[in-house]
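Engineer: structure for this input, please:
(2 chains)
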Protein chains: 2
Amino acid sequence: MSERIYATYWLETGDDPRRAADTIAGEQSSGTFVALPTETPELKARSGARVERLEILDTSDEPHLAGGFASNRYTRCTLELSWPIENFGPSLPNLMSTIAGNLFELRQVSGLRLTGLKLPPSFAAAYPGPAFGIEGTRRLSGVTHGPLIGTIIKPSVGLSAEQTAQQVRELVEGGIDFIKDDELQADGSHCPFDERVKAVMRVVNEHAERTGKKVMVAFNLTGDLDQMRRRHDLVLEHGGTCVMAVLNSVGLVGLHELRRHSQLPIHAHRAGWGYLTRSEGLGWDYAPWQMLWRLAGADHMHVNGLRNKFSESDDSVIASARAVLAPVMPEAPMTAMPVFSSGQTGLQAADTYAAIGRADLIHTAGGGIFGHPQGVAAGVEALREAWVAAIEGVPLERHAVRHASLRAALGFWK
Amino acid sequence: MSERIYATYWLETGDDPRRAADTIAGEQSSGTFVALPTETPELKARSGARVERLEILDTSDEPHLAGGFASNRYTRCTLELSWPIENFGPSLPNLMSTIAGNLFELRQVSGLRLTGLKLPPSFAAAYPGPAFGIEGTRRLSGVTHGPLIGTIIKPSVGLSAEQTAQQVRELVEGGIDFIKDDELQADGSHCPFDERVKAVMRVVNEHAERTGKKVMVAFNLTGDLDQMRRRHDLVLEHGGTCVMAVLNSVGLVGLHELRRHSQLPIHAHRAGWGYLTRSEGLGWDYAPWQMLWRLAGADHMHVNGLRNKFSESDDSVIASARAVLAPVMPEAPMTAMPVFSSGQTGLQAADTYAAIGRADLIHTAGGGIFGHPQGVAAGVEALREAWVAAIEGVPLERHAVRHASLRAALGFWK
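Structural biologist: Alright, predicted model coming up:
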């Protein structure tokens, strides 16, 4: 039996659903718009995509997307296709062309969204997956249980290297576990990457020497390949323990090459995710998307946060986090650490823990830490204690009785 | 005066448009959801994105996208933002994070689409652009004027290397200028890349030695970076004159690295473009998108075709082709060759020529060539003669009087 790749879609079509499914399967394998004498039955059996499942969900009078066949009724269905691995081999870029290629613009399609992906073991043999994942991140950060309490340097862009280091000093002295650059902060002339790394790592290293705790800082090295490699080496040389890359900006080849070179965990940012996902009937669910990047080597994957400041629902956030914590495949879990952010405070700890059933995550807060009336250290402590309460199943208010910083935080978290 | 980057958006918002514009500008530069004491007026003046233009277009009762602020009225506008180059330097990946980052999921946004991009000269100094473009493609293919007449090997996937070479033989003997792999055909075990290149180039080289015409074949080398480099070298070694990569599958870093390595024109495929563009109020117009890839080195850019088999309108196809032929910037034209495909025959030649005013393009047809009752050679000739007629401004029917192959083609093109 040949290995096969399985992809699941939400499909809306003004055409007969079975015909639409066959068209999609054909278009993404041996078929084309017209019948070809060279597409023999043998060739089709060998290389054709197969419709594995087609389940009607409901119908609509209006198409989700314009431009397709006009119809009185648009049928929504769950479609599962499969491809033999022989069509393109265990190659992430060619997998991408196949499962998410020239499909979305088909006229038979008035809505198409990739919702699931199942890969055969040969992909795990071809790609390394995260080099550090949860276990390596815990080891490097010294956080053996509970979430890494983190934050993002703000303003996103505009601080000098020294100003950044000053903010880092306040944070590391406040007991933070994890700090990241904003995704807009890379190598601008007001805050060059090299100067920032040197200034920040001076602070981080001094603190580590004094206390034994080395705070993990994700330096955004997003750039061309040579730049990323050189920046990685600089971070490593200065004792840093994490680098960050924006996935949509570097692409699959960029991340894969960074992974091959890197000796540090890769904090993967999903900036641009909105244009891939926000139209409900087009594009990508997070589950299949994040799988590609984990195979390519992402150690930490952003999933937004519960009750976030963006338009994403809590259900979607939870599904994303669960996807990141689920094995890529039984033979190769390649588990990565989900990163929660956006409008986060200790108030989301219990619900987050309840939703995913574990605390192998990075929880980043900005205002939730910096806004604490007793300062940054109290803000970090309050968020950490909120997680202790969540894990122990104790209501926040009760836990706050014994923890002054949490008590004070409950007055301003909202 | 510092250099600035300008991006234009179609924006729909349930909020006050000015406030929404300021939020977007803030989110993509120094601001965040809450006011920060460290975001000083000086820092904001230096690093903040600027709202250059905000023009109300119309309003709607319903939001284009779900999940944003509820409102009675959604205002659509043209929004232009600008950023100082100092924020991130002339870096394509970081440009991507900035102009198309965490924007589309903002709650203030019920629709957001990137419609235009203007870059300063430092980008042209940092990136090479196409190494061959129109002029180099004409030189290598020997087609000094008029379009390159091309086709795609079909079935997309499933033919063996030898079967592919047989199809190539028929095409080169038929006088074709350009042949491309399908984007699904890369290095599958039924048609390994190396075997395909060797078998196909044997045919192409024999024909070139006999006739002096070397047909350009775009071999799809999409893959991991080492694979792409190695495959490029193989194509070069066997006398090939073009390689092909799927942009969304390799990413900006992948294309940039391929460009740095390549000694051949890069035929850039846009598979997956549908999920970036098909929701009218979300994602990307082609004009800004293609600019990034030309800077990174794409020589040929796909633009679909007039009266194509997909859901894209002719207006959109024409706008895309014009964008590919327009200079990236006055100081650095970096002109690439647009590639027309999908349901193409000679019937689209005149309208295509009228719409873009020149014939510096690749026109690929499948059924329009293979379906010719007198065979492939007549199919190629008919398409070429249709272009002669288009350029000379002669109606097809009149031109067909003197050209039997065109006359016969008019009977089956539709």
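Engineer: CA atoms for contacts and neighbours, from now on please.
Structural biologist: OK.
Engineer: any idea how far whichever residue of the stretch 201-350 of chain A sits closest to chain B lies from A:Ala49?
Structural biologist: Closest residue of the stretch 201-350 of chain A to chain B, Cα to the nearest Cα: A:Gly251 (3.7 Å). Going from A:Gly251 to A:Ala49 by Cα to Cα, to the nearest Å gives 26 Å.
Engineer: more neighbours, those two?
Structural biologist: Set A:Gly251 next to A:Ala49 and count neighbours by other Cα atoms under 10 Å in any protein chain shown: A:Ala49 wins out with 26 against 23.
Engineer: tell me the pLDDT of the more buried one.
Structural biologist: On the pLDDT scale, A:Ala49 is placed at 95.
Engineer: could you do A:Met1 as well?
Structural biologist: 59.
Engineer: can you tell me the closest non-neighbouring residue to the residue of the stretch 201-350 of chain A closest to chain B?
Structural biologist: Spatial nearest neighbour of A:Gly251, chain neighbours left out: B:Gly251 (3.7 Å); criterion: Cα to Cα, 6 or more residues apart in numbering or on different chains.
Engineer: okay but the residue of the stretch 201-350 of chain A closest to chain B is in contact with B:Gly254, surely?
Structural biologist: Yes: A:Gly251 is within contact range of B:Gly254, at 7.0 Å (criterion: Cα atoms under 8 Å).
Engineer: pull the contacting residues for A:Ala100.
Structural biologist: A:Leu114, B:Ala271, B:Gly272 (Cα atoms under 8 Å, 6 or more residues apart in numbering or on different chains).
Engineer: same check on A:Asp15?
Structural biologist: Neighbours of A:Asp15 in contact, by Cα under 8 Å, 6+ apart: A:Phe69, A:Ser71, A:Tyr74, A:Thr75, A:Gln108.
Engineer: same question for A:Val203.
Structural biologist: Neighbours of A:Val203 in contact, by Cα under 8 Å, 6+ apart: A:Ala165, A:Val168, A:Arg169.
Engineer: how about a cut-off of 10 Å?
Structural biologist: Applying Cα atoms under 10 Å, 6 or more residues apart in numbering or on different chains, we find A:Val203 in contact with A:Ala165, A:Gln166, A:Gln167, A:Val168, A:Arg169, A:Glu170, A:Val172, A:Glu173, A:Val197, A:Val215.
Engineer: for A:Gly68, which residues are in contact?
Structural biologist: If you count contacts by Cα under 10 Å, 6+ apart, A:Gly68 has them with A:13-15, A:105-111, B:310-312.
Engineer: distance check, the nearest residue to it once chain neighbours are set aside against B:Lys309.
Structural biologist: Distance criterion Cα to Cα, 6+ apart; nearest residue to A:Gly68, sequence neighbours excluded, is A:Arg107 at 4.1 Å. Distance, A:Arg107 to B:Lys309, using Cα to Cα: 7 Å.
Engineer: cool, A:Glu52 as well?
Structural biologist: 26 Å.
Engineer: could you do A:Leu117 as well?
Structural biologist: Per Cα to Cα, A:Leu117 is found 27 Å from B:Lys309.
Engineer: could you do A:Thr277 as well?
Structural biologist: Going from A:Thr277 to B:Lys309 by Cα to Cα gives 25 Å.
Engineer: over to A:Lys118?
Structural biologist: 30 Å.
Engineer: same thing with A:Val203?
Structural biologist: A:Val203 is 60 Å from B:Lys309, by Cα to Cα.
Engineer: which of A:Leu117 and B:Lys309 has more neighbours?
Structural biologist: The neighbour count for A:Leu117 versus B:Lys309, taken as other Cα under 10 Å, is higher for A:Leu117 (20 against 16).
Engineer: mind checking pLDDT for that one?
Structural biologist: If you check A:Leu117, the pLDDT there is 98.
Engineer: in a helix, that's where it is, yeah?
Structural biologist: No: membership of A:Leu117 in a helix is not supported by DSSP: H, G, I helix; E, B strand; the rest coil, which gives strand.
Engineer: which residue is the nearest non-sequential neighbour of it?
Structural biologist: Excluding the flanking residues, the one nearest A:Leu117 by Cα to Cα, 6+ apart is A:Ala7, at 4.5 Å.
Engineer: secondary structure class of A:Ser30, three-state.
Structural biologist: coil.
Engineer: OK, contacts around it?
Structural biologist: A:Ser30 sits next to A:36, A:38-40, A:43-49, A:87, B:154-159, B:182, B:184-185 when contact means Cα under 10 Å, 6+ apart.
Engineer: helix/strand/coil for A:Ala45?
Structural biologist: A:Ala45 - assigned by three-state DSSP - is helix.
Engineer: give me the neighbour count for it.
Structural biologist: With other Cα under 10 Å as criterion, A:Ala45 counts 14.
Engineer: A:Gly305 touches A:Gly346, doesn't it?
Structural biologist: No: if you go by Cα atoms under 10 Å, A:Gly305 and A:Gly346 don't touch, sitting 11.7 Å apart.
Engineer: quickly list what's touching both of those two.
Structural biologist: What both A:Gly305 and A:Gly346 touch, as defined by Cα under 10 Å, 6+ apart, is the set A:Thr352, A:His363.
Engineer: pLDDT below threshold where in chain A?
Structural biologist: A:1, A:33 (pLDDT under 70).
Engineer: touching chain B at all, stretch A:231-240?
Structural biologist: No: using Cα under 10 Å from any Cα of the partner chain, we find that stretch A:231-240 stays clear of chain B, coming within 14.2 Å at best.
Engineer: send me that stretch as CSV with only the CA atoms.
Structural biologist: Coordinates of each C-alpha in stretch A:231-240 appear next as CSV, following Å, rounded to 0.1, in the frame of the first residue of the first chain:
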residue,chain,number,x,y,z
ARG,A,231,21.8,37.1,13.4
HIS,A,232,21.2,33.7,14.8
ASP,A,233,25.0,33.3,15.3
LEU,A,234,25.2,36.6,17.0
VAL,A,235,22.4,35.7,19.5
LEU,A,236,24.1,32.4,20.2
GLU,A,237,27.4,34.0,20.6
HIS,A,238,26.0,36.4,23.2
GLY,A,239,24.3,33.7,25.2
GLY,A,240,20.8,34.2,23.9
